[in-house]
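> can't give you the sequence, but here's the structure:
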């Protein structure tokens, strides 16, 4: 199994697009990119730890490639918004790709360049591509939220805004 770590706003909204794909072993909600060990949701949400909400995806590269995951990632975020995603604002919701190898870095950079060259967005692509540091799984109640609380997930303002954005930009 290989791993990919992506941040794209609220991790509740980042799990479902990857979770049901062939070759995906697990999608874990968590925190990365900060400066303290084992942060809590409240600490991350405060913006004082430097972490962002992210998902760690375990995948079988023989079934689904990292490049395919990147294609899905871009379609879940607004890559022109560095200070949050949709209704979720602040650095803990920033879009960021955390690479775990030089191959992942190169693939992410190439994918970002291709998106920028596509003309799909009028504004610059600001999603950062950063070396991965420690990934800390979020509290249990955040895991598989879209399955555990489908009504709340469907009514979440950020989820609604994300779905509307995807419909307008990617369909």
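Structure's in. What do you need? Just so it is clear, the model here is predicted, and its values are computed rather than measured.
> need the contact list for the residue lying closest to residue 53 once chain neighbours are set aside.
Closest residue to residue 53 in three dimensions, ignoring its sequence neighbours and counting by C-beta to C-beta, 6 or more residues apart in numbering: residue 11, at 4.2 Å. Where C-beta positions appear, they are placed from N, C-alpha and C, glycine not excepted. Residue 11 is in contact with 29-30, 53-55, 138, 142, counting by C-beta atoms under 8 Å, 6 or more residues apart in numbering.
> Now residue 11, what are its backbone angles?
phi -70, psi -20 (degrees, to the nearest 10).
> Could you do residue 72 as well?
Dihedral angles for residue 72 - degrees, to the nearest 10 - are phi -70, psi -40.
> and it, how many neighbours does it have?
14 (other C-beta atoms under 10 Å).
> and what of the one 4 residues further on?
Neighbours of residue 76 under the rule other C-beta under 10 Å: 22.
> Hmm, it is touching residue 15, no?
No: when contacts are counted by C-beta atoms under 8 Å, residue 76 is not listed as touching residue 15 (10.1 Å).
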